[in-house]
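A.B. asks: Predicted model follows, preceded by the sequence.
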2 protein chains.
Amino acid sequence: MTRQAILEQAATLASQVGLEGLTIGSLAEALELSKSGLLAHFRSKEALQIQLLDFAVERFVDAVVRPALAAPRGEARVRALFERWLEWPKHGSLAGCIFVALATELDDRPGPARDRLVQAQKDWLEVMATCFRTGIAEGHFRPDADPELFAYSLHGIMLAHHHAQRLLEDPKAIQHSRNAFEALLAAARPSHS
Amino acid sequence: MTRQAILEQAATLASQVGLEGLTIGSLAEALELSKSGLLAHFRSKEALQIQLLDFAVERFVDAVVRPALAAPRGEARVRALFERWLEWPKHGSLAGCIFVALATELDDRPGPARDRLVQAQKDWLEVMATCFRTGIAEGHFRPDADPELFAYSLHGIMLAHHHAQRLLEDPKAIQHSRNAFEALLAAARPSHS
């Protein structure tokens, strides 16, 4: 079994039992492998957790960030980021967004896994702010718009989407998310356009 | 020990170990009480979980909803809801917002606890939409503004706030949340004002 296939299964397991429930033992059981076999791949529960987070970040960059950065600078790129993000839960075995799911689990658990997640989330907020900045440079957005605030608000829409979709099973979730996103873009455009 | 004091402790424990980790046994240990003593209050783990959720909802209504509804109709009431919500984690032993913390834990766990949480979250979104509606009636907000979309977007700001505050420990969280909230209100005002 490849490292990749093992990490896919680890992601599925973590989405069910949380990262704390993801142990060498529980993963060995889910995979019907021996613990010693898994320990050859991952030296400890902590190493397994970090490698799972690294794996999820790689997948996220491949599925969301890289293709969006290929879109034209400015509003088109911001739109591509959002649309790719909406599609993201469909990639592979991750149920919903693994980062959202882990955020509330890890926020009060200091340690390397929390640190890795914080870094990944700061990187993601920065990608959104940077894409927005290209829109200011291109004249799509107001020069005095705050890119960090835009990223913060867009992230809020994503979190609301995850909540409405997964917990509330609200059939209007996608429409609300798109409308909230359009309102955010509209507020950022120069007033003459 | 009163039922109230027990539920306070249960809330603290649940915020550390999740609702799944909150069992009659783990709570008895945390309280240094006998399991049979606790079973007199709560017949099962499930009953304990539901009563904890009911307790949290009661606290939330007392601390956030009821005082905000005492504010004048319209924008002042919407502001009061938001400001009270920001203060909410300071009430009692609940670390952060227990509803946000439980949302990602319960979203893929069907059962009475998930149903109770869904109901509470729908009620909360409805309170926000209803307060916004009083603002349309008072002429503070545009007649064609969508109250459900407002509630959805405001909820997004709250989720982003919880994330930035608790996971990222971002010192700008409160300022970003206030600015995002002001932008949301500004977009909802009639264009002539």
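C.D. replies: Structure's in. What do you need?
A.B. asks: Going along the chain, name the helices of chain A.
C.D. replies: A:3-17, A:24-31, A:35-41, A:45-60, A:66-69, A:75-87, A:98-106, A:112-137, A:147-162, A:173-188 (DSSP state H).
A.B. asks: buried ones in the first one?
C.D. replies: Using 16 or more other Cβ atoms under 10 Å in any protein chain shown as the test for burial, helix A:3-17 gives A:Ile6, A:Leu7, A:Glu8, A:Ala10, A:Ala11, A:Thr12, A:Leu13, A:Ala14, A:Ser15. (Glycine included, C-beta is placed from N, CA and C.)
A.B. asks: My read is that the last one contacts A:Val100, right?
C.D. replies: No - counting by Cβ atoms under 8 Å, A:Ser15 does not reach A:Val100; the two are 10.6 Å apart.
A.B. asks: picking up where we left off before, tell me which of the helices of chain A sits nearest to chain B.
C.D. replies: Counting by Cβ to the nearest Cβ, chain B lies closest to helix A:147-162 out of the helices of chain A; the figure is 3.4 Å.
A.B. asks: in chain A, what spans have low per-residue confidence?
C.D. replies: A:92-96, A:192-193 (pLDDT under 70).
A.B. asks: on that earlier part again, I'd like the helices of chain A written out as CSV, with distance to chain B added.
C.D. replies: Below are the helices of chain A laid out as CSV (distance: least, Cβ to the nearest Cβ, whole Å):
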stretch, distance to chain B
helix A:3-17, 7
helix A:24-31, 14
helix A:35-41, 24
helix A:45-60, 13
helix A:66-69, 20
helix A:75-87, 13
helix A:98-106, 5
helix A:112-137, 6
helix A:147-162, 3
helix A:173-188, 4
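A.B. asks: Turn these into JSON lines, columns for distance to B:Arg133.
C.D. replies: Output for these, formatted as JSON lines (distance: least, Cβ to Cβ, whole Å):
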{"stretch": "helix A:3-17", "distance to B:Arg133": "37"}
{"stretch": "helix A:24-31", "distance to B:Arg133": "48"}
{"stretch": "helix A:35-41", "distance to B:Arg133": "55"}
{"stretch": "helix A:45-60", "distance to B:Arg133": "38"}
{"stretch": "helix A:66-69", "distance to B:Arg133": "37"}
{"stretch": "helix A:75-87", "distance to B:Arg133": "28"}
{"stretch": "helix A:98-106", "distance to B:Arg133": "29"}
{"stretch": "helix A:112-137", "distance to B:Arg133": "31"}
{"stretch": "helix A:147-162", "distance to B:Arg133": "19"}
{"stretch": "helix A:173-188", "distance to B:Arg133": "16"}
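A.B. asks: So which residue is smack in the middle of chain A?
C.D. replies: A:Phe99 (5.0 Å; Cα atoms, centre = their mean).
A.B. asks: which residues touch it?
C.D. replies: A:Ala56, A:Phe60, A:Leu117, A:Ala120, A:Gln121, A:Trp124 (Cβ atoms under 8 Å, 6 or more residues apart in numbering or on different chains).
A.B. asks: from those, which would you call buried?
C.D. replies: Here, 16+ other Cβ under 10 Å leaves A:Ala56, A:Phe60, A:Leu117, A:Ala120, A:Gln121, A:Trp124 buried among these.
A.B. asks: of the residues you listed, closest to A:Pro171?
C.D. replies: Proximity to A:Pro171 was ranked across the buried ones among the contacts of A:Phe99 by Cβ to Cβ; first place goes to A:Phe60, at 26.3 Å.
A.B. asks: what's the distance between the residue nearest to the centre of chain A and A:Val57?
C.D. replies: Applying Cβ to Cβ, to the nearest Å, the value for A:Phe99 to A:Val57 is 9 Å.
A.B. asks: Common neighbours of those two, please.
C.D. replies: Joint contacts of A:Phe99 and A:Val57 (Cβ under 8 Å, 6+ apart) are A:Ala120.
A.B. asks: and stretch A:51-66, which residues are buried?
C.D. replies: When burial is assessed from 16+ other Cβ under 10 Å, stretch A:51-66 yields the following buried residues: A:Gln51, A:Leu52, A:Leu53, A:Phe55, A:Ala56, A:Val57, A:Arg59, A:Phe60, A:Val61, A:Ala63, A:Val64, A:Val65.
A.B. asks: What of stretch A:38-48?
C.D. replies: For stretch A:38-48, using 16+ other Cβ under 10 Å, the buried residues are A:Leu38, A:His41, A:Phe42, A:Lys45, A:Leu48.
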